[in-house]
Every structure is written in structure tokens, then in C-alpha cells.
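J.: Sequence unavailable; structure follows:
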């Protein structure tokens, strides 16, 4: 007998030589030095993590969502720990596009090797359009991630992310105004994520990122109160990984668009699982909170795996399991 | 500062006296001695767990799904461990209703205090009708759980569970043929579970059970193969609990039907969370595999909690958090 | 690492770490569990730093699975901590003044390092100018006679006690103790449960004196990235550009008048 | 509990437990991790039981996070096991016959207890009737010269070796070893990787002899409830009423002709 998670090659890595695999990857015509990125909302604009990781080593920083005007976000408590992860209902608090352009973009431009992906949020199509047009003025922004799947804001956001026709409409509208390629961030809180992916593709999206958080709830049985003021929160962390891998695989089979995969990635093994399922790059989210060095450790782990199995180019791994 | 999962009363239980709380609960007119049940497919018909737990202590045994004819199920590997849970794609292997009536029902009838809930599966409406009618001949069967949400069988099953109109149709059809009350088991793999709950209620369902497993995937990165032959499997275990609690709460707010809540219940605290969210009873699933004594330990834990907080009747806890 | 239980469910843990070098009173650390299913760091305020600044002391209450695990840690075990986090109390605001250090329940521990530093400072200023001497009074509120850290605090200044059951000092809360002892101050430093902090804020406004209070909120990252632990602010915050400040990085200590609690 | 590494990534663990009382060769236990995020028991076959049947021995390969954790367990630690599970090998089918015990890789450990019991039985039958003596030959296949359990096995009968790299015994697999040594048997008991078991099934059919093979499959419950670990059967199974038998409870040992592998 042997255990479920069997792996006869586990120790092979030890005796692998030290050549450098080609980690470059592309999304919507943008080339990244490697596939390891940050998940929007877990890394700010990188300032807070600069003391832990060299931001120049990341494939990209995906910023916290930014709206046309400052958003105050939700009341507290905004976060709660759950088994294998956390719930959050920050409510997309952000300083608005003006401050973002003056403060965050210049900060990120210092890291020339690392691409900038800006997460865009709004309550109406016009809100999104305004932000997208402002970002169009900034060539340093490589890609726009359109957040139509935040489960924690009442108006807008999720409304666009759970109905195929609504997703189609906002995608085609933003395509008209965007200078940069747009990547629609899909919600996992849907019956059929491939239907959403097809709608985005049909509307002209350049890429997809998935998954956003899964709506969850925690009740404090001793206080008999919701652990989060918003009652529900978006669940993230290792607990949701199998759901995310499944959706990435389904979407990779359904559309031709490149995929930024995320959802509970904690280790290089997790990241590779997403890449084999069809992701061209991966984002590390909640695990930044658990291990501020996670992104760089995952990057090194992917390199070791490629050496162990003599994979020369990262793209040879993308969608390799069918 | 104090940690997220704060609980100042943690130790209070110690000095609580020893009176017996009223654990009885009702679903669709059926009274159960307590709210602790088993989740379909994790407990067979109880035979395998009889050596670990006194089946007479359970509120009910919910049997493995039974179809009109024997089903061979899916190829192996059928199960894989994931962080905080497991994936399964058994494919509803079952011996068919004839053997079930001759062998399993008489076995379960020996435990007079424990109610029998039979999980019914099929590939067509007629399959379900056939089983429901056969079970109608057996008064010892208290309640029928209709499995329209198994993610692991190609035809039927899930098809009825992810579209409101399909769910409405099968529910109203089965209502015509069922002697016992019917409890529709809802799939979590939907955009809006309250829409499904309302459809079932409108069609005359007597109760709802949720959640079934969440479709997930695991890839063995060393073998570059799916961990499960069926590629995807249904995810269960503590990892999915916050999603299940959220759905139980949403459904409890949306319909008047009693709810059998399940999804990652590992401890009495978990079970109480479901009850406070609106479940009239709870099912223990994958945790039976981890701790064969889980059901009885959870039952005792609920009693201790009620003593600690001087809750006389279980029904005072049902849906107490809004 | 050494640990002992100093009151029911209250544990006293010393951790050897170079992080102790530059700890300011009122700062905190994120302590990680070893249970791989409980991932986030638990924010716990620093109670004290040893003389050669090679170890820090935390005093915490068992408040869930994580702290329950901590309480089982044995001497010599390796543990993971994140920090030092947050800005401590602004000592300079108290120098040469009459200062109240007010702590309630599990908010008492951080007041110890603060009392210690004021005491050290008091000696110094005393040497410089007799009139400008800092005068520190500690007012500590407990549930009952389990007055953990009592002896530690008494080394560093006058300590007044309040207990809910009246078993020690004034029956009631820390404000009752102030009234009963008819004492006053120019500035307050406080940490404790929200109701106590609200009362102190009101008291300070009456008296027209500043109160620096240490807040707590559920946290995720602890470094200011996730925006999980915010407090409403009177003015637009310099960083967030909305009426929210991050407790972990902009706090945990705020002047009571600046925050809406 | 005591443990040592007897080959690269192969660990030898003795667990003190009353479960050892009635272990049959070929049975297994479910071993639980302490990591709260890895929940399912790991099925591991029993290698040996000590003389007074108070402890059982398992020899396993690190095959993932769970077994990796096991390998770090220290003497004296408390561990959780579920069992004894499965039916074991039908010794009676070999009594008084020429028997092959064939093991491959991590399928070798369960053959030790089997060899031991046959040896004990052989002495007995020998006493009763010279001709009816059980004649046991062990044929063990390894990757290389790391022939763990070699000495243990050699106490209980003739042992032939096959290694993939030819460093010990026959170069090749266990069937190559049979041919090279021109030995035959009336019945086979085997455990090892699926390709080896398939080859043994074919060989046994040629020879027209029965082969009792121990199968493995990913398991969840280990007690026959979840239907996770099934094998296709030639006939309709008595319990499932379909062409599937449960490896955990109907097996893990099956007569090769009864299962489709």
C-alpha cells in the first residue's frame, strides 16, 4: 500500500544539475521574465513587501483594485481566519486613480524588470471606463486586470461577473477605451465558468485571470455573531486550490485566451499544478500574509522542478496535462 | 491584540452542570432524536461503521445513493486527498434498489431509535420515479433525499441540479409518486443557490439538504496526470465548510423549508455553526473517514455547548444568527 | 523560549530573538501556529524586553485554537514570529508630565514595557531638572483577584487597581479607580477592551488632555497591505486618502481624538 | 515506537499496539498524520509482528507529505492508527505445497510476516508428515543493491534476488529470477507494483497454478464504506452486486484470476 499523494520522484531533485531554465512567459503579447505574480489586494502596490522580497524578481505586481474615486471600503471586522485560509470583505478600499497615478505608479516604475498589472474596479461601466482611460496615459502599465468579480461590494463589480451577457457588455465597452490589453478576472461563484470565459473571449478580452475569491461565511458560535461585518466574505487560501485548478483547466479547454491562474497557491508544487492545468502565469495571494517570502520561494521552486525534470522552457509546461 | 478567532468563553464549559438538553429536531414532519446524521456516500448503510459507533445514537443514517438498477461507478483512482479534505469520483456505484431493499433496509431497521433516510439517484426522471415508488412500499424509510447534484456522473444527476427549471420539473414529478417526504439535495456548483432552493420549494419539496460536494481537480505534477481517473472529483472536508455555511445561511433566508446542513463538518463547533446558520440537522461526511467516532463525538459536543450556554432546546439554536 | 501560566488561561512567554533589539513599547509581533491548517499570524503585543534586549516577552490569553496551541509550547521550541510590527506609544508626549498608564485585562501587558521606559526616563529627567520630572501612575483593571503582572508593574511606579468584583483595589473600572483616588494627569496612555477605551476617550475630552490608545482589530497581513484592520479616522488619512487608518502600520496607537471608536 | 531508515527513503517503524494481537500476514493499517491539513489515513501493509504480539512493524517508502511526516517521528511518540484492515493472504492455500513468495520494491515488507508464518507452519507439518512439508521460496525484486529486509527474509527460507541493475542476484525482475534458477511452485503469493503483478498473473495462468496477489489503490475510509478503492472483478461481486470488489475489505489479496488488472 502507499499513500494517496504518491510521488516516486520526490527526491530526484537533489541530483539535478544547475542550468537555468527559460522562465519567460507571455500574456496578451506582454512578455514577463517569469510567471510568478501577486494577487490583487494581497500585496498593495508592493510597498509593504519591498522589505521582504526584491520586487525586481517578480514577473509582475498586480496592484490592489483602483477605482475612479477613493473608496472607503466595508466596516470591520473585514477579515477572519478559516481552516486553510481566510475570509475577507475589505470592500475594495482604495485611494482612487489620482493618488494611484501620482504615488503607486512611480513607485512601481522603479522596478524595471517587473511588469505592472493594474486591477481596475468600479460600480458602473462608466467608472471602469474612467479608470481605464486614465491608465491609458501611462505606458508603464502593461496590462489591465478588470475586477468584475469582487464578492464584497454591493453595487457593480460582481453583478458584471456572474451574468454572461453583463460580462460581454462591459468587456466590449472597455475594449473600446483601453490602450492596454485587458484581462477579465472571473468569479468562481458561477454555475459554469466556461460560459463566462466564452462571453469574455467573444467580447474581445485579451486574457482571463481566475479565480477570484469564493463567497464564504463564518459564525462565531460563542458570540453568536458573524465573524465578518459584511456577513459573507471572499474565501482564499490553500483550502480552495482544487476548485481553482479545476476552473483553470475547464477554461483552458474552453477558450484560446491566456490565463493568469490563482487560488490558494502556497508552494511551487501548487503553482506548477496551475500551469499544467493551463495557466500561463500564476498569482500568489493570501499566502503573502502567511509567508512574505512566498513569491520568491515559489519562483525558485518552479526553477528546481524544471531542472529536476529537464524542462527547458516554461511554455512546455503550460496546459501540458489534458 | 488578540487572535482572529477570539473566544472568551472557551473554558466556561468546564463548570457547567450536567442536565440533559432537548436535542430533538424535525424535518418535514419527521422527528429525529438528535440532529446528527451521516452524509450520503460516506457511511454506506452503516454496516461498516457499526463496530465504531452505536448506530442507535444517530439522529438518522442517510444511505449511499441507490438507483433502480446496479451501477458500476467510475474507474479508479476514484479518490484523492487534498489540503483539508478529499476529492471523490465514485460515480454512485450501488447495488440497485432490489438488493438494497432486501439487505440494507432490514439491517437499518434493527436500530429503532435512528431514522432511515434513503438517498435516491438516477439518470432519468423515470429512474428516480422507479426508486421512489419502491421505497414507498417501506414505511421504515422516513425521508427520501433526492440526489440531483452528484458532480461525478455524466448523464442525469447534476443536470437536474444546476438548472432551476430542471430542478422544478423533477421535484414536482417525484412529489406525485413519493409516499415519504422528499428532500432535494442541492449542488453548490451554481451561481445562486437561493434560486435553486426557491425552485424546489415552489415545486413542492418538503426539505432541502446542502451542500453536495464542490467540483475540484488535483494534478500529480510528478507524473503529470490527473489524480482522479474522472479528471474532476467532488471536494469534501473541512476546507469547504465556510462555503457550505454561507449557502445554508442564504437558503435559510430565502425559503421556509427545513434544511439538513453539511459540508466539512469535523467538530461540534462546526455542526453548531451550521445550526445557527439555519440547519435543522447536520450530516457528517468525509470526517467519518478521518475519525470513525466523529458522529458521536459531535453529538456529545453539541450537548456540552447547550449546557455551557444554558440552551434548553436545540430548536432555539436553529437559525439563531441572522 | 520559556513559558508559564500566570493566571487562568493567561500565559507568559519569553521568546529569544534579535527582533528584541529595537522594540518600542506598544509594538506587537505576529505569532504563527505550527498547525498547517491555521495560517495567519496572531497579533500579540509585546509586554517586555529583557535587559540585554535579546528576548521579548508576550503575555496572552487563550482566545482560540491558535493561542491554545501556543500555550502548549515547551521551553526550547523553535517558533515563527513576524515583526516587530506597528508604531509604539509616543513616549515623548509624556516626558516631564503627569502620565496615566491605563490597562485593562489582556491590554495590561504592553503597559509594562511602557512603565519601565518611563521609569528609566524619569530618573534621567530628574537628574536634569527637578521640576520637569515625569510622574507616572499606572491604573490597571482586572476581572478579579488574578492580578497578573502586578509585581512587575509595581517596580516602575505607583499602581492603582480596579477589579470588577472589587477583590483588589477599587470595585469597578479604571476610571472608578481614578475618581476614588482623586488623581489627575496631563496625558494618558492606554490599552484595553473597546468599552474602556471609549470611556477613556470621553474622560480625556472632558479633561481636555490627550489620550494615546492602542487599538486592536482582526488582522491578516500585519504589514499594511491587506487593509483588513482599519479604524475610522476623523480626518482623511494620509495613506489611504479615505477616513480609514491601518491599525497594524499607522497604529496600533492613536490619539483618541483622531479615531472614531 | 522506534524507527530507522533502512534504505534511501525507506523507513522501518515499530509501533507498540494491542492491534498486533491478531494480525494476519497481508493485512494493513491506516496511519494518520499529525498535520491537521492532511486528513486521510495512509494505508500501509504490516511487515511483521513481534514474538509476544505486542507491536507491529511497518516498512514504508516516503511517497508524499504524509509518509514524509511519518519518517520524522521519534521513538516514544504517540501515533494514531486505524486497523487492522483487510483480509491478508490465505495461508491454508499454501500448506504442504511448493510456494513462491514474490515481492517487489515496497511490496516486499508484507512478505516477511508471511514467510515467517510459513516457516513456523513448515516445521509443524514436517513433524506430522515428511512428504506434506511446505516448501517456501522467496523471490524478491529490488531496484538496486539496497536490498532492505534481506537478512530478515533469509531467516525463514531460501531467498532469490532480482535487481533492475543486476547488482544483486538476477539482473531483471522476479520472473527472470525464477527462470534463471529454474524453480517452480504449486502456488504463488505476491505483492508489488502493478506491472509485476500482471506478469505474475500471466505466468501463473501459463503454469496453471493459483496466484494470490495483494493489490493497492488510493483509499479514503479503509473500512469498505466509501467504495473508493475498488478493483474490477471477473464475476459479479457478492457485496457490490457489480463487477467491483473493495480492495480494503474484500482484499487486499485476491486470486489473480478473479480480478482484472
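T.: Yep, it's here. Small disclaimer: the values here were computed from a predicted structure and weren't measured.

J.: Worst mean pLDDT across the helices and strands of the chain, which element?
T.: Unless you meant another one, I'm taking chain A. helix A:158-161 (a mean of 78; mean pLDDT, DSSP states H and E).

J.: Correction: the question concerned chain C.
T.: helix C:109-128 (a mean of 82).

J.: Could you check how far residue C:248 is from chain A?
T.: Distance, residue C:248 to chain A, by CB to the nearest CB, to the nearest Å: 10 Å. Any C-beta I mention is one placed from the backbone N, CA and C, and that applies to glycine too.

J.: swap that for residue C:31, sorry
T.: 13 Å.

J.: what about that residue, how many neighbours?
T.: 25 (other CB atoms under 10 Å in any protein chain shown).

J.: quick check, residue A:195 in a strand?
T.: No: counting by DSSP: H, G, I helix; E, B strand; the rest coil, residue A:195 is not part of a strand but helix.

J.: that older thread, what's the least confident helix or strand of chain A packed up against?
T.: Packed against helix A:158-161 by the contact rule (3 or more CB pairs under 8 Å, 6 or more residues apart in numbering or on different chains; DSSP states H and E) you find helix A:164-177.

J.: Which elements pack onto the next helix or strand after the helix it packs on?
T.: Going down the chain from helix A:164-177, the next helix or strand is strand A:182-185, by DSSP states H and E. Counting contacts by 3+ CB pairs under 8 Å, 6+ apart, strand A:182-185 is packed against strand A:141-147, helix A:164-177, strand A:207-210.

J.: hmm, back to that, how far is the least confident helix or strand of chain C from where the chain is centred?
T.: Mean-position distance between helix C:109-128 and its chain equals 15 Å (CA atoms, centre = their mean, to the nearest Å).

J.: Contacts for that helix, please.
T.: Contact partners of helix C:109-128, identified using CB atoms under 8 Å, 6 or more residues apart in numbering or on different chains, comprise C:23, C:25-26, C:28, C:45-49, C:58-60, C:88-89, C:91, C:94-96, C:99, C:101-103, C:132-136, C:138, C:140, C:149, C:152-153, C:155-157, C:189, C:191, C:214.

J.: is any part of stretch A:229-236 close to chain B?
T.: Yes: using CB under 8 Å from any CB of the partner chain, stretch A:229-236 comes into contact with chain B via A:231, A:232, A:235.

J.: Would you mind pointing out the helix or strand the last one falls in?
T.: Under the criterion of DSSP H and E, residue A:235 resides in strand A:232-236.

J.: now the helices and strands packed on strand A:182-185 as a markdown table including mean pLDDT, mean neighbour count and distance to chain B?
T.: Formatted as a markdown table, the helices and strands packed on strand A:182-185 follow (pLDDT from 0 to 100; neighbours: other CB atoms under 10 Å in any protein chain shown; distance: least, CB to the nearest CB, whole Å):
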| stretch | mean pLDDT | mean neighbour count | distance to chain B |
| --- | --- | --- | --- |
| strand A:141-147 | 97 | 25 | 18 |
| helix A:164-177 | 96 | 18 | 10 |
| strand A:207-210 | 98 | 28 | 13 |
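
J.: so which of those gets nearest residue B:220?
T.: strand A:207-210 (21.8 Å; CB to CB).

J.: so after the closest one, what's the next helix or strand?
T.: Proceeding N to C from strand A:207-210, the next assigned helix or strand is strand A:214-217, under DSSP H and E.

J.: among the contacts of helix C:109-128, which are in reach of chain B?
T.: Residues of these in contact with chain B (CB under 8 Å from any CB): C:28, C:45, C:60.

J.: Now, the residues you listed that are in helices?
T.: Taking DSSP state H, every one of these sits outside helices.

J.: any idea of the mean pLDDT in stretch A:85-99?
T.: Regarding stretch A:85-99, the rounded mean pLDDT is 96.
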